[in-house]
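In: kindly generate the corresponding structure for this input.
(2 chains)
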Amino acid sequence: AQKVTQAQTEISVVEKEDVTLDCVYETRDTTYYLFWYKQPPSGELVFLIRRNSFDEQNEISGRYSWNFQKSTSSFNFTITASQVVDSAVYFCALSEAYTGNQFYFGTGTSLTVIP
Amino acid sequence: NAGVMQNPRHLVRRRGQEARLRCSPMKGHSHVYWYRQLPEEGLKFMVYLQKENIIDESGMPKERFSAEFPKEGPSILRIQQVVRGDSAAYFCASSPAGKYEQYFGPGTRLTVT
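Out: Sure thing, here's the model as predicted:
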């Protein structure tokens, strides 16, 4: 069963628009961690954020914000006033505290910001 | 503090050859993970190692693939008799003991011709 689902395969927005990338996860653990990574065309993985299951506070970092809702098992990522440099593939990932710490990645959302 | 190092960054092998991918974890990290990213897909877990021990290899193909993390030196992911389907990006991540966070290397892009 897929533990992390990113239903949006590709999204295109015009520069300065806001965009939300969805992530839904599945776990039976009570302690787990959620992550977002950015993979630009160069291919490396850039860490964006880590949240643990006990902290449901939303977080804002510049133009980025994250909405963690345990009730819907979602950890959505919003980019405000998108820029061309935001064009990349974005991955959501889950790590469970009691299963060897491997990361379960979603299939990624490819974001294209059109100038 | 250097990050996770992987080399080579790009590797080209002909079918039937062996591929060796190296990963040097961050200083002080004793846990290493290998992931594979097939084209247009997300990363899939392969193996989790601690020094001199394989902890979880549930994601490793049963044949041709092996991994080690010796007491001294980098972790090695070895692929014997490569086939075209092995073409992918292979990422290594490391973490300190007891921490639920992983730091990823830049990846090795393997192309099998």
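
In: can you list contacts of the helix or strand bottoming out on mean pLDDT in chain B?
Out: Each helix and strand of chain B was given a mean pLDDT (mean pLDDT, DSSP states H and E); the minimum falls on strand B:103-104 at a mean of 90. Residues outside strand B:103-104 that contact it (CB atoms under 8 Å, 6 or more residues apart in numbering or on different chains): A:37, A:44-45, A:47, B:3-4, B:26, B:29, B:91-95. Placement of C-beta: from N, CA and C, glycine included.

In: in chain B, which residue is closest to the centre?
Out: Chain B has residue B:34 as the residue nearest its centroid, 3.8 Å off, counting by CA atoms, centre = their mean.

In: what residue, apart from its backbone neighbours, is nearest that residue spatially?
Out: residue B:46 (4.4 Å; CB to CB, 6 or more residues apart in numbering or on different chains).

In: the worst-scoring helix or strand of chain A on mean pLDDT: what's the following helix or strand?
Out: Least confident helix or strand, chain A: strand A:59-61 with a mean of 86, by mean pLDDT, DSSP H and E. The element immediately downstream of strand A:59-61 (helix or strand, assigned by DSSP states H and E) is strand A:64-69.

In: which parts of chain A sit against chain B?
Out: When proximity is defined by CB under 8 Å from any CB of the partner chain, chain A lies next to chain B at A:33, A:37, A:43-45, A:47, A:50, A:52, A:91, A:93, A:95, A:97, A:100-108.

In: buried subset of those residues as a ChimeraX selection?
Out: Buried members of the residues of chain A next to chain B, defined by 16 or more other CB atoms under 10 Å in any protein chain shown, are picked up in ChimeraX with:
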select /A:33,37,44,45,91,93,95,101,102,103,104,105,106,107,108
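
In: now, which of the residues of chain A next to chain B lie within strands?
Out: Residues of the residues of chain A next to chain B located in strands (DSSP state E): A:33, A:37, A:47, A:50, A:52, A:91, A:93, A:95, A:103-105.

In: present the residues you listed as TSV; the columns should include pLDDT and distance to residue B:41.
Out: Formatted as TSV, these follow (pLDDT from 0 to 100; distance: CB to CB, whole Å):
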residue	pLDDT	distance to residue B:41
A:33	91	22
A:37	94	14
A:47	89	20
A:50	90	22
A:52	89	27
A:91	96	10
A:93	94	14
A:95	90	19
A:103	89	14
A:104	92	13
A:105	94	9
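
In: where's residue B:29, which helix or strand?
Out: When elements are assigned from DSSP H and E, residue B:29 belongs to no helix and no strand.
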